[in-house]
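S.K.: the following block contains a protein sequence and its predicted model.
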Amino acid sequence: MRKQVLFAAALVLSVAVFGQKNELKTAEKAVKAGDFATALTVINQAESLIGAADQKTKAKFYYLKGKALYQNGKVSDLKETAGALRQLINFENETNKQKYSSEFKEIINKLVEANRTKANTSYEKALATKAPEDYSASAKSFYNIYVLSPKDTSFLDNAALLYTLGKDYDKSIALYDDLLETGYTGIETVFTATNIESGEKLSYADKKSRDNQIKFKIAENPGVEVKETRRPSIYKNLASAYSGKNDEKKALEIVKKGREEFPTDYILLIEEANLNFKLGDEAKFKELLEKAIELNPTEPALYYNVGVMNLNQKNIEEAVINFKKAIELKPDYGDAYNNIGATILLKAEPIIEEMNKNLSNFDKYDELQAKQLEVYKEAVPYYEKAYNLDKNNIGVVQTLIGLYENLENTDKLKELKEVYEGLKQ
């Protein structure tokens with residue numbers, strides 16, 4: 001009885017194998033005839049049985065599946081097709097029996113090059129038109145390259161950025177999330193050398209390529225450069241995508257997460273500062289800018305923005321100190337000169353209030369007015385410097401006109417009024 005059971009099981013197995021082979025023959029005929037719909041139907045029916053097949057049958061199955069999905073280049077689902085092509089290549093690598101892999105590798109290379117051409121063409125068009133749909137078209141092609149060759153993660157990075165530029169924020173967010181979750185860093189080693197004839201510094205994909213040019217006296221001065229991690233930029237770009245959706249709170253959450261991983265990253269620190277400013281937290285904005293100054297003490301814009309926050313809070317001395325530091329680092333910083341003038345004028349506000357309280361006390365009023373004019377005299381040189389750096393700044397011109405009127409500087413007043421009339425036209 002036991003022998004009969006074993007015989008029955010063996011019979012079922014042989015029937016299944018026979019059925020698989022018949023189905024593969026049917027699928028192969030359909031592929032050769034270009035009837036890919038029939039081929040896929042047959043392949044899908046056989047898929048549940050293929051696990052028990054031998055190496056040769058499995059390889060043939062994966063090959064026909066890839067060919068049926070590829071459709072002689074008329075691919076309808078690139079992701080599924082790429083998966084099938086790689087499935088065959090991986091299987092033959094595992095079994096160390098190469099029969100179809102070279103053909104599939106060539107197909108993948110063709111698809112990669114086709115998408116690379118599309119990506120570059122649409123990207124160049126997008127640079128010219130700035131049209132979101134052109135950026136998104138380029139993003140799709142870069143993403144397709146990644147689908148075909150997942151080890152080239154930089155293409156996923158490119159696609160995510162281009163989707164952001166194309167205002168397709170949901171797709172951008174999905175790709176950036178994928179990059180972060182998979183631990184992508186973007187760190188890579190670049191081999192360099194100098195072209196002997198032109199003196200141009202060149203980069204090579206691998207050491208062997210560079211060394212060959214050194215060997216044949218085409219290049220010299222070999223070197224190696226290691227690119228820094230891109231993860232901080234990915235956090236920033238992901239936050240920018242959320243900002244594009246007007247979700248500043250989520251953007252801030254992403255940046256904070258990035259700063260937990262990279263606490264001294266300057267770009268993320270500035271991004272967190274800017275997001276706090278957009279959300280109305282000026283105190284936090286100022287605090288983060290002061291931290292940024294510690295990391296980058298030679299950036300004039302940092303001192304300028306801290307100065308603006310102090311100006312808004314009417315911290316006169318601190319504001320002037322920061323604006324002057326900005327000017328020290330950037331002598332032509334017209335806005336900083338303008339804001340020093342504006343900060344100095346704050347000192348006149350309490351004086352004017354007292355003047356209004358002493359309208360009938362002529363001696364006291366005159367004494368206060370003299371103080372007021374001294375403040376104006378102190379502010380004038382800074383506004384004049386701002387005007388000389390930008391003579392089209394109508395706001396500065398208007399302020400100077402008011403100061404010259406109060407100081408009774410008729411010559412400069414006349415000159416500035418003529419300028420003002422010209423700017424209004």
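M.R.: Yep, it's here. Residues are numbered from 1 along each chain as shown.
S.K.: and stretch 239-255, how far apart are its ends?
M.R.: Using C-alpha to C-alpha, to the nearest Å, the end-to-end distance of stretch 239-255 comes to 6 Å.
S.K.: please list the outside residues in contact with that stretch.
M.R.: Contact with stretch 239-255 is made by 163-164, 167, 169-170, 172-173, 176, 235-236, 238, 258, 268, 271-272, 275-276, 278-279, as judged by C-beta atoms under 8 Å, 6 or more residues apart in numbering. C-beta: built from backbone N, CA, C; applies to glycine.
S.K.: need the contact list for L311.
M.R.: Contacts of L311 by C-beta under 8 Å, 6+ apart are A319, N339, A342, T343, L346.
S.K.: got the buried residues for the helix or strand where it lies?
M.R.: In the assignment (DSSP states H and E), L311 maps to helix 300-312. Buried residues in helix 300-312, defined by neighbour count with 16 or more other C-beta atoms under 10 Å: P300, A301, L302, Y303, Y304, N305, V306, G307, V308, M309, N310, L311.
S.K.: just put those residues in JSON lines and tack on pLDDT.
M.R.: Shown next, in JSON lines, are the buried residues of helix 300-312 (pLDDT from 0 to 100):
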{"residue": "P300", "pLDDT": "97"}
{"residue": "A301", "pLDDT": "96"}
{"residue": "L302", "pLDDT": "96"}
{"residue": "Y303", "pLDDT": "96"}
{"residue": "Y304", "pLDDT": "97"}
{"residue": "N305", "pLDDT": "95"}
{"residue": "V306", "pLDDT": "96"}
{"residue": "G307", "pLDDT": "96"}
{"residue": "V308", "pLDDT": "95"}
{"residue": "M309", "pLDDT": "94"}
{"residue": "N310", "pLDDT": "94"}
{"residue": "L311", "pLDDT": "94"}
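S.K.: relative to S154, which of those is nearest.
M.R.: Of all those, S154 sits closest to A301, with 30.5 Å by C-beta to C-beta.
S.K.: how about stretch 269-283 as PDB, C-alpha atoms only?
M.R.: Backbone C-alpha positions of stretch 269-283 (Å, rounded to 0.1, in the frame of the first residue of the first chain) are rendered in PDB as follows:
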ATOM      1  CA  LEU A 269      20.300  74.700  11.300                       C
ATOM      2  CA  ILE A 270      19.500  77.500   8.900                       C
ATOM      3  CA  GLU A 271      16.500  75.600   7.500                       C
ATOM      4  CA  GLU A 272      15.200  75.100  11.100                       C
ATOM      5  CA  ALA A 273      15.700  78.800  11.800                       C
ATOM      6  CA  ASN A 274      13.800  79.800   8.600                       C
ATOM      7  CA  LEU A 275      10.900  77.500   9.300                       C
ATOM      8  CA  ASN A 276      10.500  78.900  12.800                       C
ATOM      9  CA  PHE A 277      10.400  82.400  11.400                       C
ATOM     10  CA  LYS A 278       7.700  81.300   8.900                       C
ATOM     11  CA  LEU A 279       5.700  79.800  11.800                       C
ATOM     12  CA  GLY A 280       6.000  83.100  13.700                       C
ATOM     13  CA  ASP A 281       8.500  82.100  16.400                       C
ATOM     14  CA  GLU A 282      10.900  85.000  16.000                       C
ATOM     15  CA  ALA A 283      12.600  84.200  19.400                       C
END
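S.K.: what's next to that stretch, contact-wise?
M.R.: Contacts with stretch 269-283, where a contact means C-beta under 8 Å, 6+ apart, come from 236, 239, 243, 248-249, 251-252, 255-256, 259, 284-285, 288-289, 291-292, 295, 309, 312.
S.K.: quick check: ChimeraX command selecting the buried ones in those residues.
M.R.: A single ChimeraX command selects the buried members of these (16+ other C-beta under 10 Å):
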select :236,239,243,248,251,252,255,259,284,285,288,289,292,309
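S.K.: model confidence over the helix or strand that the helix holding L311 is followed by, on average?
M.R.: The first helix or strand that comes after helix 300-312 along the chain, using DSSP H and E, is helix 316-329. Averaged across helix 316-329, the pLDDT comes to 97.
S.K.: using CSV, write out the CA atom coordinates for helix 316-329.
M.R.: The C-alpha coordinates for helix 316-329 follow below in CSV (Å, rounded to 0.1, in the frame of the first residue of the first chain):
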residue,chain,number,x,y,z
ILE,A,316,19.1,99.2,19.9
GLU,A,317,22.6,98.5,21.0
GLU,A,318,22.5,94.8,20.1
ALA,A,319,21.0,95.6,16.7
VAL,A,320,23.6,98.2,15.8
ILE,A,321,26.4,95.8,16.9
ASN,A,322,25.1,93.1,14.6
PHE,A,323,24.5,95.4,11.6
LYS,A,324,28.0,96.8,12.0
LYS,A,325,29.5,93.3,12.1
ALA,A,326,27.6,92.5,8.8
ILE,A,327,29.1,95.6,7.2
GLU,A,328,32.6,94.7,8.5
LEU,A,329,32.2,91.4,6.6
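S.K.: quick one: list the elements packing against the next helix-or-strand element following that helix.
M.R.: Toward the C-terminus, helix 316-329 is succeeded by helix 334-345 as the next helix or strand (DSSP H and E). Using 3 or more C-beta pairs under 8 Å, 6 or more residues apart in numbering; DSSP states H and E, the elements in contact with helix 334-345 are helix 300-312, helix 316-329, helix 362-389, helix 394-407.
S.K.: by how many degrees do the shortest one and helix 334-345 diverge?
M.R.: It refers to helix 300-312. If you take axes from the mean of the first three to the mean of the last three C-alpha atoms, to 10 degrees, helix 300-312 sits at 20 degrees to helix 334-345.
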